[in-house]
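>>> predicted model and sequence below, questions to follow.
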Amino acid sequence: MWGFSCPEKTVCLTFDDGPTPVASEWVLDFLRNEKVRATFFCLGENVRNHPELFERIKSEGHAVGNHSDHHEHGFKVSKKDYLASIEKADELIQSKLFRPPYGRMPISYDRSLRKYTIVMWSWMAYDFDEKVSIEQILQSAKSIRNGDILVFHDNLKSSERLKIILPQVIEMLKDKGFSFEIIQ
Ligand SMILES: [Zn+2]
């Protein structure tokens, strides 16, 4: 799925690549203050290293999804290794949602991943990419529409830019009357 059908003026906020100390903690504090719920596509290895953060995500009413164990690229590892990575992450994450790392994998894998809903996105924050300026990102956020799935990153690399971008995007959307749904 790239977007979803939903009541008027609703979007889904998602975070990829966590949970990581500092970045996820900041995101969780921010979302709690804003009373916004989100869906976190977690890496199995990060859940293994920071189980308390994973538990906090779930206990604060957010949804979780599988984002593989070690962020394998679907075109750069064998199918066997790719599926094994997802299964390994599933032992900890136990979600029926899967988002392929880099948003790409061979289309034929769909059949092997039938037990999952594959969740892509329709608006990317580019919080991780310093080549995209914050002004450009905020400009592009003005085009966010009903049913969009937004993706941000709760990892160390994106953390400083995320702290600037996320509050402004949420404020902009709230001002326009949007509400936020989790994916389940
Ligand atoms: Zn990712």
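That came in fine, so what should we check first? Residues are numbered from 1 along each chain as shown.
>>> show me what secondary structure element comes after the strand ranked longest in the chain.
Using DSSP state E, we find that the single longest strand of the chain is strand 10-16. Of the helices and strands lying after strand 10-16 in sequence (DSSP states H and E), the nearest is helix 23-34.
>>> CA atoms only for that next one, dumped as CSV, please.
Written as CSV, here are the backbone C-alpha positions of helix 23-34 (Å, rounded to 0.1, in the frame of the first residue of the first chain):
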residue,chain,number,x,y,z
ALA,A,23,16.4,9.8,18.2
SER,A,24,13.5,7.5,19.2
GLU,A,25,13.4,8.9,22.7
TRP,A,26,13.0,12.4,21.2
VAL,A,27,10.4,11.2,18.8
LEU,A,28,8.4,9.5,21.5
ASP,A,29,8.5,12.5,23.8
PHE,A,30,7.4,14.8,20.9
LEU,A,31,4.5,12.5,19.9
ARG,A,32,3.3,12.2,23.5
ASN,A,33,3.3,16.0,23.9
GLU,A,34,1.4,16.4,20.6
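>>> now for it, which elements pack on it?
Packing partners of helix 23-34 (3 or more C-beta pairs under 8 Å, 6 or more residues apart in numbering; DSSP states H and E): helix 51-59, helix 159-175. Any C-beta I mention is one placed from the backbone N, CA and C, and that applies to glycine too.
>>> switch the cut-off to 6 Å
Applying 3 or more C-beta pairs under 6 Å, 6 or more residues apart in numbering; DSSP states H and E, one finds that helix 23-34 contacts no other helix or strand.
>>> list the contacts of it.
The set of residues external to helix 23-34 that reach it, using C-beta atoms under 6 Å, 6 or more residues apart in numbering, is 18, 38, 53, 154-156, 159, 170.
>>> which among those end up buried?
Among the contacts of helix 23-34, those classed as buried by 16 or more other C-beta atoms under 10 Å are 18, 38, 53, 154-155, 159, 170.
>>> and those near the ion, which?
Subset of the buried ones among the contacts of helix 23-34 in contact with the ion: empty, counting by C-beta under 5 Å from the ion.
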